[in-house]
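A.B. asks: take a look and give me a structure for this.
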Amino acid sequence: MLERLGFEPARDSPARLRLRNCPFQPLAARAPDLVCGINHGYLSGLLAGLNAPAAEAVLTPDPGRCCVELRAAN
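C.D. replies: Residues are numbered from 1 along each chain as shown. The predicted model follows:
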């Protein structure tokens, strides 16, 4: 599903999924706090809706990719 939405997911390790693209990049360039907050909320809600307590959405800003990654919950 994340691929269809344009996030370009890539598994770096069994416990981490990086999102190599922000589908909202033009807007994120102008309002990164807003877009990153929305992405974080959306991905957290997605995990909650999937009843996936073993995973969490974490803000990890890094130029050139989405500011959120999915990790194994601590």
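A.B. asks: buried residues in the longest helix seen in the chain?
C.D. replies: As assigned by DSSP state H, the longest helix anywhere in the chain is helix 32-49. Burial within helix 32-49, assessed by neighbour count using 16 or more other Cβ atoms under 10 Å, is assigned to 35, 36, 39, 40, 43, 44, 46, 47. (Each C-beta comes from the backbone N, C-alpha and C, glycine too.)
A.B. asks: got a pLDDT number for the residue nearest to residue 38 when sequence neighbours are not counted?
C.D. replies: Nearest non-adjacent residue to residue 38, counting by Cβ to Cβ, 6 or more residues apart in numbering: residue 24, 7.9 Å away. For residue 24, the model assigns a pLDDT of 92.
A.B. asks: swap in residue 27?
C.D. replies: pLDDT, residue 27: 92.
A.B. asks: which is the next helix or strand following the helix or strand that contains residue 58?
C.D. replies: Assigned by DSSP states H and E, residue 58 falls within strand 55-59. Sequence order places strand 68-72 as the next helix or strand after strand 55-59, per DSSP H and E.
A.B. asks: just checking, residue 60 touches residue 67?
C.D. replies: Yes: Residue 60 lies in contact with residue 67 (Cβ atoms under 8 Å); the separation is 6.6 Å.
A.B. asks: who has more neighbours, these two?
C.D. replies: Between residue 60 and residue 67, residue 67 has the larger neighbour count (other Cβ atoms under 10 Å), namely 20 against 16.
A.B. asks: what's the closest non-adjacent residue to that one?
C.D. replies: Leaving out its chain neighbours, the residue that sits closest to residue 67 by Cβ to Cβ, 6+ apart is residue 36, at 4.0 Å.
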